[in-house]
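Peer 1: using only what follows, build the 3D model:
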Amino acid sequence: MRVLITGGSGLIGRHLVQRILKAGGRPVVVSRHSDKLRRDRATRDYEVVQGDVGVAGRWQEAVDGCDAVIHLAGHNLFADRWNAKVKRKIRDSRVYGTEHVVAAIEAARSRPQVLVQGSAIGYYGPRGDESVDETSAPGSDFLASVCREWEEASAPVEALGVRRAVIRTGIVLAPGEGALKMMTPIFKIGPGAPVGGDGGMAPATGQQWMSWVHIDDIAGLFQFAVDDPDASGPINGTAPYPVRNAEFSRELSRTLRKAYTPWRFFVPIGPPDALLRLVLGEVADVIAKGQKVLPTKALALGYKFQHPHLGEALQDVCKPRPAPEPTHPATIASHAGSHH
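Peer 2: Residues are numbered from 1 along each chain as shown. Down below sits the predicted model:
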């Protein structure tokens, strides 16, 4: 199976590429930094196509003849402090990028059978203690609006006879990357503490829900959505057992204590939301607020989570790992339609 992946050099994309290779598939990764990718020995087994998904171009020709497309590309929410310009970039990179993928599928002589699009649980907006699943209505804040437009942009492929699945990803737990890349150094230096409170100057108690997922499972869900003909529409990419931030923080503190620093301890209160917002800006609300998201459809379709429980998942991603081998230049055959 030939699978085109946008955002294939990102956190989820890299793990997904390896899963597809192990399953005997042929990944085709579209990247703005194809030259850099080709110098990495990890890319020697797959095809790299030069292109910016946010802009129409020759990269779209690579869709022709692929069996599936997985669309992950979008500007990193945490890359910059939010302002009007950054928020526009977050929105446009997702919406316009998806429209270009849809146009590429429509133009292909041999169309893919399925499009699996990335989205996020931000679709639901902050929901307090309410349990939400794929049937729940969208929220009304900035991220919810972005996710709604993002998902709507891919809907036209269904009229082309292409099956469409949308994975609404939760907080991804991966070794040294994503959310843990930000949290782990803080937890190693000082005491573990919750984040998120009442939105003001009161100490954080971490009562908001965190809907998390292990990197193996989110990559597994994307592959599952490609392979299962019954997988369509929205699918929540979260583990079956969400936890409150206080529990997550306590479990992370305990895990790091076992793995690295036996003297560590946990305190039940953390920095006020107002301080967090002062340091991080508006993006702090993504951390301080949350939703209790359940993977109802994934379970109904028969997906088996490898890491359903937080304690074991954190032990797996936080365990000490050997340093990666140095990379060496590698020659990769690129798609005939790519350009440099």
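Peer 1: quick check: the gap between Asp67 and Ile269.
Peer 2: Using C-beta to C-beta, to the nearest Å, we find Asp67 at a distance of 52 Å from Ile269. (Each C-beta comes from the backbone N, C-alpha and C, glycine too.)
Peer 1: same check on Val95?
Peer 2: The spacing between Val95 and Ile269, counted by C-beta to C-beta, is 40 Å.
Peer 1: who's more crowded, those two?
Peer 2: Taking other C-beta atoms under 10 Å, Val95 and Ile269 do not tie; Val95 has more neighbours (19 against 14).
Peer 1: any buried residues in the helix or strand hosting the more buried one, and which?
Peer 2: Under the criterion DSSP states H and E, the helix or strand holding Val95 is helix 84-107. Under the neighbour-count criterion of 16 or more other C-beta atoms under 10 Å, helix 84-107 has 86-87, 89-91, 93-95, 97-102, 104-105 buried.
Peer 1: and these, which is closest to Ala56?
Peer 2: Proximity to Ala56 was ranked across the buried residues of helix 84-107 by C-beta to C-beta; first place goes to His100, at 5.3 Å.
Peer 1: if we look at the helix holding Val95, which residues are touching it?
Peer 2: 6, 53-56, 59-64, 69, 71, 73-75, 77, 80, 111-112, 115, 117, 142, 145-146, 149-150, 153-154, 156-157, 160, 162 (C-beta atoms under 8 Å, 6 or more residues apart in numbering).
Peer 1: which of those fall in strands?
Peer 2: Counting by DSSP state E, the contacts of helix 84-107 place Thr6, Val69, His71, Leu115, Gln117 in strands.
Peer 1: show me which of those is closest to Pro175.
Peer 2: Taking C-beta to C-beta as the measure, Pro175 lies nearest Thr6 of these, at 23.6 Å.
Peer 1: hang on, the closest one packs against Val63?
Peer 2: No. With contact defined as C-beta atoms under 8 Å, Thr6 does not reach Val63; the gap is 10.0 Å.
Peer 1: which of the two has more neighbours?
Peer 2: Neighbour comparison, Thr6 and Val63: the larger count goes to Thr6, with 31 against 27 (by other C-beta under 10 Å).
Peer 1: quick one, what contacts the more buried one?
Peer 2: Each residue near Thr6 by C-beta under 8 Å, 6+ apart is listed here: Val30, Val53, Val69, Ile70, His71, Leu72, Ala73, Gly97, Val101.
Peer 1: could I get the pLDDT score of the closest residue to it other than its chain neighbours?
Peer 2: Excluding its sequence neighbours, the residue lying closest to Thr6 (C-beta to C-beta, 6 or more residues apart in numbering) is Ala73, at 4.0 Å. Note on Ala73: pLDDT of 93.
Peer 1: list the contacts for Ala73?
Peer 2: With contacts taken as C-beta under 8 Å, 6+ apart, Ala73 has the following neighbours: Thr6, Gly7, Gly10, Val30, Val53, Gly54, Ser93, Arg94, Gly97.
Peer 1: could I get those in TSV, plus columns for distance to Met201 and pLDDT?
Peer 2: Formatted as TSV, the entries for these read as follows, by distance: C-beta to C-beta, whole Å; pLDDT from 0 to 100:
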residue	distance to Met201	pLDDT
Thr6	42	96
Gly7	38	91
Gly10	36	88
Val30	46	92
Val53	42	93
Gly54	40	92
Ser93	35	94
Arg94	34	96
Gly97	39	96
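Peer 1: farthest-separated two in the residues you listed?
Peer 2: Comparing all pairs in these by C-beta to C-beta, the longest separation belongs to Val30 and Arg94, at 15.0 Å.
Peer 1: on that earlier part again, any chance of the ones in strands among the contacts of helix 84-107 in TSV with distance to Glu282 as columns?
Peer 2: Compiled in TSV, the ones in strands among the contacts of helix 84-107 are given as follows (distance: C-beta to C-beta, whole Å):
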residue	distance to Glu282
Thr6	26
Val69	32
His71	26
Leu115	31
Gln117	25
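Peer 1: these: which two are farthest apart?
Peer 2: Checked with C-beta to C-beta, these reach their widest spread between Thr6 and Leu115, with 10.7 Å between them.
Peer 1: quickly list what's touching both of those two.
Peer 2: Residues within reach of Thr6 and of Leu115 at once, by C-beta under 8 Å, 6+ apart, are Val69, Ile70, His71, Val101.
Peer 1: how much space between the last one and Gly233?
Peer 2: As judged by C-beta to C-beta, Val101 and Gly233 stand 18 Å apart.
Peer 1: cool, and the second one?
Peer 2: Ile70 sits 16 Å away from Gly233, going by C-beta to C-beta.
Peer 1: these two - which one has more neighbours?
Peer 2: Neighbours per residue, other C-beta under 10 Å: of Ile70 and Gly233, the larger number sits with Ile70, 31 against 12.
Peer 1: next structured bit after the helix or strand bottoming out on mean pLDDT in the chain?
Peer 2: The element with the least model confidence among the helices and strands of the chain, by mean pLDDT, DSSP states H and E, is helix 34-38, at a mean of 68. Later in the chain than helix 34-38, the nearest helix or strand by DSSP H and E is strand 47-50.
Peer 1: nice, that's everything, thank you.
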